[in-house]
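Q: sequence and computational prediction follow.
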Amino acid sequence: MTGERTTVVLAEDDVLLREGMAGLLEQAGFEVIGQAGTGDELLALVRERRPQLVELPQTAIMILSAHAEVEHALDLLAGGQRSGYLLKSRVADVEEFVAALTRVVNGGSVVDQALVGELLSSPRVDDPLEEITQREREVLALMAEGRSNAGIARILVVTEGTVEKHVHSILGKLRLSETEDDHRRVLAVLTYLEAR
């Protein structure tokens, strides 16, 4: 990270985990301006210190959870951009975790692959993704993880232009028209996550 450091408030009831996370974030270039052990403490700190990463509509939020709580994740992600939901047990690489935090702070969304898999395991009868091809589903799953077109292209070993064509096709099949008020890519991801 360069320039001004991103301010963060942490909430975790396990003090050792919280202190470890604070140290990790400080080493990665974030500025931890507060720590909370409860939800009430978190809200008080956020209102007082106004961090760039945690909560409130103008603030990015990243949830690290011990379990894939589908409904909670959908509620969080329904708010649109600047949100993320990762499982603690699957955060195995510090650089990837810091990259996910940075993506959320910069306006993106991040969703754990395990959560995406759980959402896909029980498709709905009225499936809005019915017309989506298998390759488009792979692209949409990577979009749900917060990946850019360039990132998706690297993972799928295709050109960025190919990814752009898939994204365009997905948006068309989901009938997501372009408006000034809506972010079609986020709406596509939400449709994907809600389809069971």
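A: In hand now; what should we look at? Fair warning: this is a prediction, and the values are worked out from it, not measured in the lab.

Q: ok, now which ones touch the residue nearest to Glu178 when sequence neighbours are not counted?
A: Distance criterion CB to CB, 6 or more residues apart in numbering; nearest residue to Glu178, sequence neighbours excluded, is Arg184 at 6.2 Å. Using the backbone N, CA and C atoms, a C-beta is placed for each residue, glycine as well. Taking CB atoms under 8 Å, 6 or more residues apart in numbering, we find Arg184 in contact with 171, 176-178.

Q: and with 10 Å instead?
A: With contacts defined as CB atoms under 10 Å, 6 or more residues apart in numbering, the neighbours of Arg184 are 167, 170-171, 174, 176-178.

Q: and if you look at Glu48?
A: Neighbouring residues of Glu48 by CB under 10 Å, 6+ apart: 9, 33-34.

Q: out of these, which is most surrounded?
A: Val9 (24 neighbours; other CB atoms under 10 Å).

Q: dig out what it forms beta bridges with.
A: With DSSP bridges as the criterion, Val9 is bridged to Gly34.

Q: shouldn't it be in contact with Met62?
A: No - Val9 lies out of contact with Met62 (CB atoms under 10 Å); the separation is 11.2 Å.

Q: residue ranges with poor pLDDT in this protein?
A: Within the chain, the segments meeting pLDDT under 70 span 1-3, 54-58, 78-80, 119-126, 196.
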